[in-house]
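Undergrad: Sequence plus the predicted model coming up.
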Amino acid sequence: MKLVKFLQKLTKEQVTIELKNGTVVQGTVVGVDATMNCHLRKAKVTLRGKTPKSFATLSVRGSTMRAWLLPESLNLDALLVDTDIEKYAKPVITPQQQQSQQAVRSRGRGRGRGRRF
């Protein structure tokens, strides 16, 4: 399972995110997009050595994150189950489909051998 898919399952969870510059962000996950940008609600941002600031909503860029600290009560076994098993299964191809695929692929003998006069 890809990391982004796992993080997308964390909606409505209270998490702590450490950023590369040492900032700590705590909040409730609203969503995570494909580039791992995280959207939080009721976020509290604590810069290194400064007092925390609260925000109603906050978006954190995915490339600035160092670590996600998950709550202890989170059931990881249930979240790590991959529900997209169908993607990994080999599709069954009938002989008719094989013939039609071979007919589409045949395009001659290459780019040509030059002109003959």
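TA: Received it, and whenever you're ready, just let me know what you need.
Undergrad: Endpoint to endpoint, stretch 30-50 covers what distance?
TA: 26 Å (Cα to Cα, to the nearest Å).
Undergrad: From the rest of the structure, what touches that stretch?
TA: Stretch 30-50 has contacts (Cβ atoms under 8 Å, 6 or more residues apart in numbering) with 3-4, 7-8, 10-11, 17, 21-29, 52-63, 65. Where C-beta positions appear, they are placed from N, C-alpha and C, glycine not excepted.
Undergrad: Would it be right to say that Leu10 lies in a strand?
TA: No - under DSSP: H, G, I helix; E, B strand; the rest coil, Leu10 falls outside any strand and is assigned coil.
Undergrad: how many neighbours does it have?
TA: For Leu10, the count of nearby residues is 19 (other Cβ atoms under 10 Å).
Undergrad: And the pLDDT for it?
TA: At Leu10, the model reports a pLDDT of 88.
Undergrad: and the residue lying closest to it once chain neighbours are set aside, what does it touch?
TA: Leaving aside its sequence neighbours, Leu10 sits nearest to Val29 (Cβ to Cβ, 6 or more residues apart in numbering; 4.9 Å). Contacts here follow Cβ under 8 Å, 6+ apart; on that basis Val29 touches Leu7, Leu10, Thr11, Lys12, Glu13, Val15, Cys38, His39, Leu40.
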